[in-house]
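1. no FASTA, just this:
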């Protein structure tokens, strides 16, 4: 018989949620590269002549600078005559299209 999902015979294995060694090494290298290039970003943007392309790049960089807020809709409806209400909360995803 095999093991059920989530079971292992390797009790010395990684803890759940721990990233593997290769992933951590890649992230460390990318962070080093990006930290060195960070000060050059204004120069790179100045070299881009097409305003649409420059705006595209700026929009792509925004989530790394500003926190991302998610808009939600809240809807209430009466379930019965006693005044009991149902509250529905759901995120609203904006429809944004950016063509490369």
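-> Received the coordinates, thanks. All of these numbers come straight from a predicted model, not from anything done at the bench.

2. max-length helix in the protein?
-> When the chain is parsed with DSSP state H, its longest helix is helix 21-37.

3. can you list the residues that contact that one?
-> The contact list for helix 21-37 (Cβ atoms under 8 Å, 6 or more residues apart in numbering) reads residue 19. In this view, the C-beta of every residue, glycine as well, is placed from N, C-alpha and C.

4. go with 10 Å
-> Contacts of helix 21-37 with the rest of the structure, by Cβ atoms under 10 Å, 6 or more residues apart in numbering, involve 14, 18, 19, 20, 41, 44, 64.

5. for the fourth one, phi and psi?
-> The phi/psi pair for residue 20 (degrees, to the nearest 10) reads phi -80, psi 170.

6. Considering the contacts of helix 21-37, which member attains the minimum pLDDT?
-> Here the lowest pLDDT out of the contacts of helix 21-37 sits on residue 14, with 69.

7. Output the contacts of helix 21-37 in JSON lines, with secondary structure and distance to residue 31 appended to each entry.
-> Output for the contacts of helix 21-37, formatted as JSON lines (DSSP: H, G, I helix; E, B strand; the rest coil; distance: Cβ to Cβ, whole Å):
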{"residue": "14", "secondary structure": "coil", "distance to residue 31": "21"}
{"residue": "18", "secondary structure": "coil", "distance to residue 31": "18"}
{"residue": "19", "secondary structure": "coil", "distance to residue 31": "14"}
{"residue": "20", "secondary structure": "coil", "distance to residue 31": "17"}
{"residue": "41", "secondary structure": "helix", "distance to residue 31": "15"}
{"residue": "44", "secondary structure": "helix", "distance to residue 31": "18"}
{"residue": "64", "secondary structure": "helix", "distance to residue 31": "12"}
